[in-house]
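Engineer: how would this look folded up:
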Amino acid sequence: MTGFASVSREEAGQRVSVTVKSVNHRFLDVQVKMPSALAAVEARLKAMVQQRLTRGRVEIALSWDQIDDTPREVVLNERLIAQINAAVDCARAQGLVSGALSASDLCRVPHVLEVRAAAERESVSDNTAGLVERTAGDALDALVVMRETDGAFLSADLDARLLTLITFVETVEYQAAQGQAALEARLRERLAALPVDLQQAPAAVTQEVVKFVAQSDIHEEISRMRGHVEHWRQLAGGSEPCGRKLDFLVQEMNREINTIGSKAEGLRATELVVGAKAELERVREQVQNAE
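Structural biologist: Reported below is the predicted structural model:
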């Protein structure tokens, strides 16, 4: 979900520059920074992002300049200055600051002073709005290309880790079966060593052995793991965004691995479960980057 793009356009004596960057986020969060005169375009920009992206924190920084001889005007935000002055007076009364506000102090405060085209004032023309949207559209398209390139590397990494998990499924299934057989053999040996008077109900004893050995049966969990892997492949191979669905699948896989770890017999099976959980944690971290 990470990416960066910057695009500038000049048309009819105007220059618009748009910088877009995105970072990982569970949902889509769009933040727009632009001159107040362009506020009417903000909703359209957010809609353009929603048409292209589904996850990530997206920050759009937009600047607009008149580069022709259009008359300019300097706008002083008197209301904001009054509020700043009142706050400074309060701080001065408490002995926190001294001296009066200077012109340079005010000029450093955001939104106090604005230089803009006299003809535009509080709104922009349709031509300006169109230029802003086209520039933003180009920047978003470039961002998508970068995210797709990054996603290709991410997909290759996840495929490799998924292959490791598949190997785990196949190996632990074999090791668990060997462990079950060894457990049954040990139980039967111990039962055979019991005194004769305790061996009067062989059918009941056999039933208890089978019941005890069945507690270590992980066939159901292995089947579900295979189903999750197949579902993963279908989602990853599709054209729709699947990051949140893959995140859910990772949780389900983790649940199955925990159950396998509590049921599977044999030291080798335990070792495999520990390795699988470590690999699945790496997958979980990477999935957070997927759209």
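
Engineer: so what's the residue lying closest to V23 once chain neighbours are set aside up against?
Structural biologist: Nearest-residue entry for V23: R57, 5.1 Å, with adjacent residues in sequence omitted and distances by C-beta to C-beta, 6 or more residues apart in numbering. Yep, even glycine has a C-beta here, placed from its N, CA and C like the rest. Taking C-beta atoms under 8 Å, 6 or more residues apart in numbering, we find R57 in contact with 22-25, 29, 31.

Engineer: Which of the helices or strands spans R57?
Structural biologist: Secondary structure assignment for R57, by DSSP states H and E: strand 56-66.

Engineer: so what strands line up beside that strand?
Structural biologist: When pairing is defined by DSSP bridges, strand 56-66 lines up against strand 14-23 (antiparallel), strand 28-33 (parallel).

Engineer: For it, which residues meet the burial criterion?
Structural biologist: For strand 56-66, a neighbour-count test (16 or more other C-beta atoms under 10 Å) marks 56-60, 62, 64-66 as buried.

Engineer: got the CA coordinates for that strand in PDB?
Structural biologist: What follows is strand 56-66 as a C-alpha-only set of coordinates in PDB (Å, rounded to 0.1, in the frame of the first residue of the first chain):
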ATOM      1  CA  GLY A  56      -4.100   2.900   2.900                       C
ATOM      2  CA  ARG A  57      -3.600   6.300   4.500                       C
ATOM      3  CA  VAL A  58      -3.400   8.600   1.500                       C
ATOM      4  CA  GLU A  59      -2.100  12.200   1.900                       C
ATOM      5  CA  ILE A  60      -2.600  14.700  -0.900                       C
ATOM      6  CA  ALA A  61      -0.700  18.000  -0.800                       C
ATOM      7  CA  LEU A  62      -1.800  20.500  -3.500                       C
ATOM      8  CA  SER A  63      -0.400  23.900  -4.400                       C
ATOM      9  CA  TRP A  64      -1.900  26.400  -7.000                       C
ATOM     10  CA  ASP A  65      -0.100  29.500  -8.400                       C
ATOM     11  CA  GLN A  66      -1.000  32.200 -10.900                       C
END
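
Engineer: same for the helix or strand that comes right after that strand, what does it pack against?
Structural biologist: Using DSSP H and E, the helix or strand that directly follows strand 56-66 along the chain is strand 72-76. Identification of packing neighbours for strand 72-76 by 3 or more C-beta pairs under 8 Å, 6 or more residues apart in numbering; DSSP states H and E yields strand 113-117.

Engineer: and the angle from the next helix or strand after the strand it packs on to strand 28-33?
Structural biologist: Along the chain past strand 113-117, the next helix or strand (assigned with DSSP H and E) turns out to be helix 126-192. Following axes from the mean of the first three to the mean of the last three C-alpha atoms, to 10 degrees, one obtains 150 degrees for the angle between helix 126-192 and strand 28-33.

Engineer: now helix 126-192, how far from the chain's geometric center?
Structural biologist: On the basis of C-alpha atoms, centre = their mean, to the nearest Å, helix 126-192 sits 14 Å off its chain's mean C-alpha point.

Engineer: cool, stretch 256-275 as well?
Structural biologist: Computed by C-alpha atoms, centre = their mean, the chain-centroid distance of stretch 256-275 equals 29 Å.

Engineer: list the buried ones in that stretch?
Structural biologist: Under the neighbour-count criterion of 16+ other C-beta under 10 Å, stretch 256-275 has 256-257, 259-261, 263-266, 268-270, 272-273, 275 buried.

Engineer: Equivalent analysis for stretch 232-248, please.
Structural biologist: 232, 235-236, 242-243, 245-246.

Engineer: same thing with stretch 77-84?
Structural biologist: 77, 84.

Engineer: Which residues does it contact?
Structural biologist: 101, 106, 109, 111-114.

Engineer: In three-state terms, how would H25 be classified?
Structural biologist: For H25, the secondary-structure state derived from DSSP: H, G, I helix; E, B strand; the rest coil is coil.

Engineer: per-residue pLDDT, it?
Structural biologist: Per-residue confidence for H25 comes out at a pLDDT of 82.

Engineer: how much space is there between the nearest residue to it once chain neighbours are set aside and R244?
Structural biologist: If you skip the residues right next to it in sequence, H25 has R57 as its closest partner in space, 4.0 Å away by C-beta to C-beta, 6+ apart. When C-beta to C-beta, to the nearest Å is applied, the distance between R57 and R244 equals 15 Å.

Engineer: Could you do Q94 as well?
Structural biologist: Summarising the geometry, the distance separating Q94 from R244, computed by C-beta to C-beta, is 51 Å.

Engineer: Surely H111 is within a helix?
Structural biologist: No. H111 sits outside any helix when classified using three-state DSSP, being coil.
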